[in-house]
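A.B. asks: Give the three-dimensional model of this entry:
(chains A and B)
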Amino acid sequence: MQYMCLIYSKADSGPAPGTPEFSDYLKAYGEFTAMLQNKGAFVSGDALQPVATATTVTRENGKVETTDGPFAETKEQLGGYYLIECESLDTALELAAQIPTAEHGRIEVRPVMTFD
Amino acid sequence: MLPPFDIDQSITRIVREEWGRILAALVARLGDLQLAEDVLQDAVVQALSTWANRGIPDSPAAWLIATANNKAIDILRRSSRFAALKPELKYLTELESPATDPEDLQSLPDKRLELIFTCCHPALDEKSRIALTLRTLGGLTTEEIAKAYLDKPKTMAQRLTRAKSKIALAGIAFQIPTNDQLQQRLNAVLAVIYLIFNEGYSATSGDQIVRSDLSNEAIRLARIIHSLLPEETEVAGLLSLMLLHDSRTPARRGRNNEIISLQDQHRSKWSKDKISEGTTLLKDTLRQQKVGTYQVQAAISALHAEADTWDTTDWQQINALYELLYSINPTPVVRINQSLAISYAQTPKKALETLKTIESDPSIKTYQPYFAARADLHARAGDHEEAREDLKTAINLSENTAQTDFLRKKLERIPNNTQ
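C.D. replies: A predicted model of the protein is given here:
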């Protein structure tokens, strides 16, 4: 099964860029990704630019509405994701809990829908 | 031939006893909880008419499994996914040659642990864990569970459907957790069982008779898990704790269903069988020196059970056990219970000092037992005004009439020295 791990955290809650903690944080991400790849669990994963860069579009009666900002204003913002492949929720949760941001944020784990 | 009424009763009894075991075996085979439950339910309906005509078979469980199995094959064959199932044809043939004779049934692998770990998975919300456990392992009907938890049958049915759907869609595996997760997951299972027990034992609200069934069911579930995991001391600890608590059930209610506190209970009414079973099990378990919160609570309960009267209770040791319990599980509830032991081992004033240490904890602000306990300590320390205030708060916070009546009586008994 595939699981989407959505990485949420409050703005400014993790290590600040430029600090030694931040480089440890990036290193931890590198190691985590490598671990997923070694296990054969890695499908894809990326970090996202801050929520200030978000643009939202919607289409009403064929007319495109474009607005600045995210779809929902929340304290915890989506900062990145991993798409992983594993045999059960237990494994997915175990892996998701090792995502470095889990220390100060939260990871939402959702199974990917399959159509058969 | 037996009249139909008796057949129905026998079938209900058999189904209740065998339901969990059969359902677990079916889930293991079919890999689908909803399908397993549907076909077993259909098999039970068919049993009602078939057995009424032909009598109950030698092995009702084997009959139910075989019938449920055939129904599952029919459904799988008819489903549009049948073509896609071709690679699993081997699995279908296995399904088609099920164990039907009683000898084979004994060798049927017991999958109830897998089932309970699935039902009590932390990815499900607490109420759903409880409902699923009662439905799948306990064999209670949706209506019975709804009645016990004061829900509409429709709401409960939806809750169960949602939970089963999440198990299937989120890929919650039908398996015993790996070693490094086992303790944590087992704790979640034990918590569900203890919640079921307490719902029946404390009856915070609702129908008393339906509720006491819940306590019996929790004990039955703990027995099953204890038989499957005999080396887990906390499982034995919980079973022992529930047996010891339950031993007092005949003495806990008066003629008008009013609550009788431990202090005022007729100890001769306590169930000696349950006390003996609980204490024997506890002694065997404590010997293994893998102590946990359920074992300590059982030990406290055992000291009460062993005391001939309230006054001869070993309060010193109970106080020490609460101190141990607090070191494992530092919660305000433990301190509240400990304060009573301190009040008898030492003085009510000392106990009030202990309660002061948790006074600022936000979780006790609406916790009725905290105010009831403090009222008792104040009353015994001679602070009647404070006792009255606390009792009034406790009455406002209580959730059922038996509890309110109990507290009101206490309030009436406090001397009014302000006038």
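A.B. asks: Please name the nearest non-neighbouring residue to the closest residue to chain A within chain B.
C.D. replies: Nearest residue of chain B to chain A: residue B:173, at 3.6 Å (C-beta to the nearest C-beta). C-beta: built from backbone N, CA, C; applies to glycine. What sits nearest to residue B:173 in space, not counting adjacent residues and going by C-beta to C-beta, 6 or more residues apart in numbering or on different chains, is residue A:88, at 3.6 Å.
A.B. asks: related to what we said a few turns ago, surely the residue of chain B closest to chain A and residue A:89 touch.
C.D. replies: Yes: contact criterion C-beta atoms under 8 Å: residue B:173 and residue A:89 qualify, at 6.9 Å.
A.B. asks: Give me the neighbour count for the residue of chain B closest to chain A.
C.D. replies: 17 (other C-beta atoms under 10 Å in any protein chain shown).
A.B. asks: So which bits of chain A are right by chain B?
C.D. replies: A:1, A:3, A:87, A:88, A:89, A:90, A:92, A:93, A:94, A:111, A:116 (C-beta under 8 Å from any C-beta of the partner chain).
A.B. asks: hmm, which two among the residues you listed are most spread apart?
C.D. replies: A:94 and A:116 (26.7 Å; C-beta to C-beta).
A.B. asks: So for the one helix or strand residue B:65 maps to, mean pLDDT?
C.D. replies: For residue B:65, the host element (DSSP states H and E) is helix B:60-78. The average pLDDT for helix B:60-78 rounds to 88.
A.B. asks: counting contacts, what elements does it pack onto?
C.D. replies: helix B:4-30, helix B:33-54, helix B:89-96, helix B:102-107 (3 or more C-beta pairs under 8 Å, 6 or more residues apart in numbering or on different chains; DSSP states H and E).
A.B. asks: now that helix, how far from the centre of its chain.
C.D. replies: Here the centre of helix B:60-78 is set off from its chain's centre by 31 Å, with C-alpha atoms, centre = their mean, to the nearest Å.
A.B. asks: Kindly calculate the angle that that helix makes with helix B:4-30.
C.D. replies: 50 degrees (axes from the mean of the first three to the mean of the last three C-alpha atoms, to 10 degrees).
A.B. asks: Now do the buried residues in helix B:60-78.
C.D. replies: The neighbour-count criterion (16 or more other C-beta atoms under 10 Å in any protein chain shown) identifies B:60-73, B:75-76 as the buried residues of helix B:60-78.
A.B. asks: and if you look at stretch B:15-25?
C.D. replies: Buried, per 16+ other C-beta under 10 Å, within stretch B:15-25: B:15, B:18, B:19, B:20, B:21, B:22, B:23, B:24, B:25.
A.B. asks: and what of stretch A:8-15?
C.D. replies: A:8, A:9, A:14, A:15.
A.B. asks: Can you pull the phi/psi pair for the first one?
C.D. replies: Comment: the main-chain dihedrals of residue A:8 come out as phi -110, psi 140, following degrees, to the nearest 10.
A.B. asks: Beta-bridge partners for it, please?
C.D. replies: Residue A:8 forms beta bridges with residue A:78, residue A:106, as assigned by DSSP bridges.
A.B. asks: From residue B:18, how far off is it?
C.D. replies: Remark: distance between residue A:8 and residue B:18 (C-beta to C-beta, to the nearest Å) = 46 Å.
A.B. asks: for the last one, same thing?
C.D. replies: When distance is defined by C-beta to C-beta, residue A:15 is 57 Å away from residue B:18.
A.B. asks: Between residue B:173 and residue A:89, which contacts overlap?
C.D. replies: Residues touching both residue B:173 and residue A:89 by C-beta atoms under 8 Å, 6 or more residues apart in numbering or on different chains: none at all.
A.B. asks: Look up the closest residue to residue B:274, ignoring the ones flanking it.
C.D. replies: Residue B:274 sits nearest to residue B:247 (C-beta to C-beta, 6+ apart), 3.8 Å away.
A.B. asks: whoops, residue B:238 was the one
C.D. replies: Using C-beta to C-beta, 6+ apart, the nearest residue to residue B:238 is residue B:294, at 4.2 Å.
A.B. asks: So that neighbour sits against residue B:232, correct?
C.D. replies: No: using C-beta under 8 Å, residue B:294 is not in contact with residue B:232, being 10.4 Å away.
A.B. asks: more neighbours, the two?
C.D. replies: residue B:294 (24 against 20).
A.B. asks: related to what we said a few turns ago, how about a markdown table for the helices and strands packed on helix B:60-78, with distance to residue A:80 and mean pLDDT added?
C.D. replies: As requested, the helices and strands packed on helix B:60-78 are exported to a markdown table (distance: least, C-beta to C-beta, whole Å; pLDDT from 0 to 100):
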| stretch | distance to residue A:80 | mean pLDDT |
| --- | --- | --- |
| helix B:4-30 | 37 | 82 |
| helix B:33-54 | 34 | 91 |
| helix B:89-96 | 39 | 58 |
| helix B:102-107 | 51 | 57 |
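A.B. asks: quick one, which of those helices is nearest to residue B:345?
C.D. replies: Per C-beta to C-beta, nearest to residue B:345 of these: helix B:4-30, 43.4 Å.
A.B. asks: which strands and helices sit next to the closest one?
C.D. replies: Short answer (3+ C-beta pairs under 8 Å, 6+ apart): helix B:4-30 packs on helix B:33-54, helix B:60-78, helix B:89-96, helix B:112-119, helix B:126-136.
A.B. asks: partner strands of the helix or strand harbouring residue A:43, parallel or antiparallel?
C.D. replies: Using DSSP H and E, residue A:43 sits within strand A:42-47. Sheet pairing of strand A:42-47 (DSSP bridges) gives strand A:76-85 (antiparallel).
A.B. asks: if I pick the residue of chain A found nearest chain B, what's in contact with it?
C.D. replies: Per C-beta to the nearest C-beta, residue A:88 is where chain A lies closest to chain B, at 3.6 Å. With contact taken as C-beta under 8 Å, 6+ apart, residue A:88 is in contact with A:1, B:171, B:172, B:173, B:175.
A.B. asks: Since that was my last question, I'll sign off now.
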